[in-house]
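**Student:** Everything below, folded, please.
(3 chains)
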Amino acid sequence: MVHVDMDMFYAAVEMRDDPSLREKAMAVGGNSMLSTSNYIARRFGVRAGMPGFIAKKLCQDLTIIRPHFFKYKAVSKQVQKVFATYDPNFSMMSLDEGYLDFTSHMQWRRESEDSERTVPVVWRSEEMCFCEKYCPKYVYDENQGQEEIPEKNEDISSSPDLFDEDDSNEENIKASGENLPDFCENCEKRIFKTAPFDAVLFGLDINEAVKEMRFRIEQSTHLTASAGIAPNTLLSKVCSDMNKPNGQYRVLPTREDVINFIDELPIRKISGIGKVCEKMLSGMEIKYCQDLFKKRGELQLISSDISFRYYMKISLGIGSTFVSSHGERKSMSVERTFREMTDRDEMYKKCLDLCNELGGDLKRHNLVGKTITLKIKKSDFSVKTKAQTIANFTDDYELIFKTAYDLLETEIMNSKLLKLRLMGVRMSTLQESSKITSKQNDIKGFLTNMKKKVAKRSAEKPDLIKKGLKRDAEKRETINIKRRASNNLKDMFAKIKETRKVEADDEDDIIVVYEKITDKK
DNA sequence: AAATGAAGGACCC
DNA sequence: GCCCAGGGTCCTTCATCC
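**Tutor:** Next comes the predicted model:
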């Protein structure tokens, strides 16, 4: 499995298109949030996911560029084109990263011609030396002359035995680059060591294959990518981060290599273990992946089945061994942050706008849905979502607004003074609009619609508030029950310790952790 | 008793 | 050095519905 990740994607695109940005500290995003920063800005501590105004404080000279998504999409398409030649079934996780299965490519590669592994050099970065001295003309093959895009070569016998299965050409290329200095003494630019030629021949093994792919990406987009090669996606994702700018890393498909790699790996490196999880696990003295296995007894006690399996898989370095090109989407949404809003009419107006946008998006993607969710974020940053499923699939903004309005109305009614900083509308339970029949809509829809209407009538607003308060009381009660349960955890441990041989020295810590989890609302 | 909905979070890019 | 956009997915808990 190979994971490929473009280096500081958005920032790199902007720097590519505006050379004046290259020597500056810059970031892409807005005043409220940055999505990427370049390496100069990172030296000041400016990182992705940081509010722009804070970044400005860290680095006064920071240039903030608004994102240009159409550009990123175009670049992503180019990258995908390269991906497709190595694995037509590649799966894109976002605009700038994807997983590929190289198995069948490697089969093909073993029997490939040199010409099929040769990539012409059509572009050199401006930071790189162009001087004759260090960019010798490379004659790929005396018989074939200048090389174009690799084509099926009919006469096979003529190719020399120079590059056997065992003898990859990596050595040859390296050898020619190793003698060169890092920088040219004439132009003082970096010397293009990996490919000081008009065409580059890549070797047979997977490292070479991935280098070739990254080289192709660079040639077509003028941007660099990093990659990770490993026996499964979980590991390859981590690997692509190891040699981050413009590099790659491989974990061999052997037991030793996988164990060596995973054992000392901080859990936070694994995709899916975030801030919260890290903190919780560190409370149990779990910092590295091997600790997950060491503390498996305790973990099983406090985790759900799914989480526990997940942890164990991580600790053993187990992950998915196949990629599936994107499944169908589950939801579609629009949301917007704005300056504090208290006026109701303004809120309804905003809601309408969002519904309008969402409706357009749905239509554009040929989708209809039936669950509408209203999301609001108050000035204190607390987030609330309210959802309602309607009878019929729709993409009509007026219909969406009808229910979104109701949801917003009850929210306004339920709070004395609503101060909003964000509003969003989401549609889920999606269907392809072509797939839905009018019959389904008419009969089934009519019945459920009636039911909903009756149910809604019977629930009047004061009742709703009462019900809400009642539910709060119930919630508090369940929290208390859980708290009591956690007090009994000590006894539980003792019993479990007897029946199973669990090494739990730090029971107190675990109870603290447990309380933290259960008290968390 | 199993399935579905709703609400809330964690997490990812 | 700080509490954060906007697009998603998935998990968990609780309620409800036959």
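**Student:** Tell me how many other residues surround A:Lys350.
**Tutor:** Counted by other Cβ atoms under 10 Å, the residues lying close to A:Lys350 total 19. In this view, the C-beta of every residue, glycine as well, is placed from N, C-alpha and C.
**Student:** Low-confidence ranges, chain A, go.
**Tutor:** A:125-179, A:190-197, A:436-521 (pLDDT under 70).
**Student:** Can you tell me, leaving aside adjacent residues, what's nearest to the closest residue to DNA strand B within it?
**Tutor:** The nearest approach of chain A to DNA strand B comes at A:Gly274, 2.1 Å away (Cβ to the nearest atom of the strand). Spatially, and ignoring its direct neighbours in sequence, A:Gly274 is nearest to A:Arg268 (8.0 Å; Cβ to Cβ, 6 or more residues apart in numbering).
**Student:** before we move on, the earlier item: what's the local residue count around the residue of chain A closest to DNA strand B?
**Tutor:** Using other Cβ under 10 Å, A:Gly274 is surrounded by 10 other residues.
**Student:** Off-centre distance for stretch A:313-322?
**Tutor:** 18 Å (Cα atoms, centre = their mean, to the nearest Å).
**Student:** And stretch A:198-207, by the same measure?
**Tutor:** For stretch A:198-207, the distance to the chain centre is 29 Å (Cα atoms, centre = their mean).
**Student:** end to end, how far does it reach?
**Tutor:** Using Cα to Cα, to the nearest Å, one end of stretch A:198-207 lies 21 Å from the other.
**Student:** Also stretch A:233-251?
**Tutor:** Using Cα to Cα, first and last residues of stretch A:233-251 are 11 Å apart.
**Student:** Skipping adjacent residues, who's closest to A:Ser320 in space?
**Tutor:** Closest residue to A:Ser320 apart from its sequence neighbours, by Cβ to Cβ, 6+ apart: A:Thr233 at 4.6 Å.
**Student:** go on, A:Ile372?
**Tutor:** Closest to A:Ile372 by Cβ to Cβ, 6+ apart is A:Thr403, at 4.8 Å.
**Student:** Does anything pack onto whatever helix or strand that neighbour lives in? Which helices or strands?
**Tutor:** Counting by DSSP states H and E, the element that carries A:Thr403 is helix A:397-414. Judged by 3 or more Cβ pairs under 8 Å, 6 or more residues apart in numbering; DSSP states H and E, the packing partners of helix A:397-414 are helix A:344-364, strand A:367-378, strand A:383-394, strand A:420-432, helix A:461-487.
**Student:** Report the contact partners of A:Phe293.
**Tutor:** Taking Cβ atoms under 8 Å, 6 or more residues apart in numbering, we find A:Phe293 in contact with A:Met312, A:Ser315, A:Leu316.
**Student:** hang on, the earlier thing: thought the residue nearest to A:Ile372 was touching A:Ile390?
**Tutor:** Yes: with contact defined as Cβ atoms under 8 Å, A:Thr403 reaches A:Ile390; the gap is 5.7 Å.
**Student:** tell me the secondary structure for A:Leu417?
**Tutor:** Secondary structure, DSSP: H, G, I helix; E, B strand; the rest coil: A:Leu417 is coil.
**Student:** ok, for it, nearest residue in space, not its chain neighbours?
**Tutor:** Nearest in space to A:Leu417, with sequence neighbours left out and distances taken as Cβ to Cβ, 6+ apart, is A:Thr342 at 6.6 Å.
**Student:** any idea how far A:Lys419 is from the one you found?
**Tutor:** As defined by Cβ to Cβ, to the nearest Å, A:Thr342 lies at a distance of 5 Å from A:Lys419.
**Student:** Repeat that for A:Ser37.
**Tutor:** Taken as Cβ to Cβ, the span from A:Ser37 to A:Lys419 is 31 Å.
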